[in-house]
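> what's the 3D shape of this:
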Amino acid sequence: MISLPFQNNTFFDAGPNHDKTANVLNIQPVLPFTVGDWNIISRTIAPLITLPSLTGPDLGDVITAAPSSNDPFGLGDINQTFYFSPAAAAEFIWGVGPSVTLPTATSRFLGPRTLSMGPGAVGLVMPKPWVIGTLARQLWAVAGPNQHVNQSLLQPFVNYNFPGGLYLVSSPIMTANWSAPSSQRWSIPFGGGIGKIFKIDGQPMNASLQAFDYVAHPSLAPRWAIRFQIQLLFPR
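Below you'll find the model as predicted:
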């Protein structure tokens, strides 16, 4: 299935006074290809970012004060991952491959603008009516102005599917900045929400709404977030 998700994340209570709001719209096309006995799944994340006068290099990681009173807006660093997965059907579905973050940020406040690379992996099982899995990624700086990029991302996901396309979902995005002091390293949200698969004029779509409370976060980072996602589905 080809899919085109638009994932909007709004982050609340950021900054030294916990009164700032940031927004990240991730455009995330997923394109699968089959080559012999393998599936190659291309997943791109292109973030459009609106930040208050504070910003950081990763989602929910607001750590560096910006000198301007204007809210930065623009394209962040684009991440591209290719997952190589066996084409044969199996109870456990998995994929591994390279992940690359390109220095495409239009402002130094919207990303480190550093070429970063590392491994990505995903694994899941689907014992009906559940879908349970985890996505992981590790990136290290390769070339660019910020050679301290050393970031991990972990996204566990759980769906409970009801008849008619309705489902419950929890898919928090946890990040670790290993170059930061230990007290400022982790962003760990906890929460979930609800979603529905439906059609508009014959076009399959998937919409979901989730809310998260950050049980661990850097001192200037958001305290909670809301994620709304609308996804166009193109079955093959």
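> Apart from its chain neighbours, what residue comes closest to Leu153?
Arg137 (4.5 Å; CB to CB, 6 or more residues apart in numbering). C-beta here means a position set from N, CA and C on the backbone, and glycine is covered the same way.
> which residues touch the helix or strand harbouring that neighbour?
Arg137 is part of strand 130-143 when elements are defined by DSSP states H and E. If you take CB atoms under 8 Å, 6 or more residues apart in numbering as the criterion, strand 130-143 is touched by 79, 81, 93, 99, 101, 112, 114-126, 147-161.
> Can you turn the buried subset of the residues you listed into a selection I can paste into ChimeraX?
Only the buried members of these end up in this ChimeraX selection, burial being decided by 16 or more other CB atoms under 10 Å:
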select :79,81,93,99,101,112,114,115,116,118,120,121,122,124,149,150,151,152,153,157,159,161
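> now the helix or strand following the strand holding Arg137 against strand 130-143, angle please.
Per DSSP H and E, the first helix or strand lying C-terminal to strand 130-143 is strand 150-161. Per axes from the mean of the first three to the mean of the last three CA atoms, to 10 degrees, the angle that strand 150-161 makes with strand 130-143 is 160 degrees.
> Alpha carbons only: can I get strand 150-161 in CSV?
Provided in CSV are the C-alpha atoms of strand 150-161 (Å, rounded to 0.1, in the frame of the first residue of the first chain):
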residue,chain,number,x,y,z
ASN,A,150,23.9,11.7,18.3
GLN,A,151,20.1,11.0,18.5
SER,A,152,17.9,8.0,19.0
LEU,A,153,14.2,7.7,18.2
LEU,A,154,11.9,4.9,19.5
GLN,A,155,8.2,4.8,18.5
PRO,A,156,6.2,1.9,19.9
PHE,A,157,2.7,1.5,18.4
VAL,A,158,-0.4,-0.4,19.5
ASN,A,159,-3.7,-0.5,17.7
TYR,A,160,-6.9,-2.2,18.8
ASN,A,161,-9.2,-2.5,15.8
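> Which elements pack onto that strand?
Based on contacts counted as 3 or more CB pairs under 8 Å, 6 or more residues apart in numbering; DSSP states H and E, the elements that strand 150-161 packs against are strand 130-143, strand 166-170, strand 174-177.
> After the lowest-mean-pLDDT helix or strand in the chain, heading C-terminal, what element do we hit next?
Within the chain, confidence by mean pLDDT, DSSP states H and E is lowest for strand 64-65 among all helices and strands, at a mean of 37. Counting by DSSP H and E, the element after strand 64-65 in chain order, helix or strand, is strand 73-75.
> how far is whatever helix or strand comes next after that next one from where the chain is centred?
Past strand 73-75, heading to the C-terminal end, the next element that is a helix or strand (DSSP H and E) is strand 78-86. Average the C-alpha atoms of strand 78-86, do the same for its chain, and the two points are 14 Å apart (CA atoms, centre = their mean, to the nearest Å).
> Output the contacting helices and strands for strand 78-86.
For strand 78-86, where contacts count as 3+ CB pairs under 8 Å, 6+ apart, the packed elements are strand 38-50, strand 92-102, strand 115-125.
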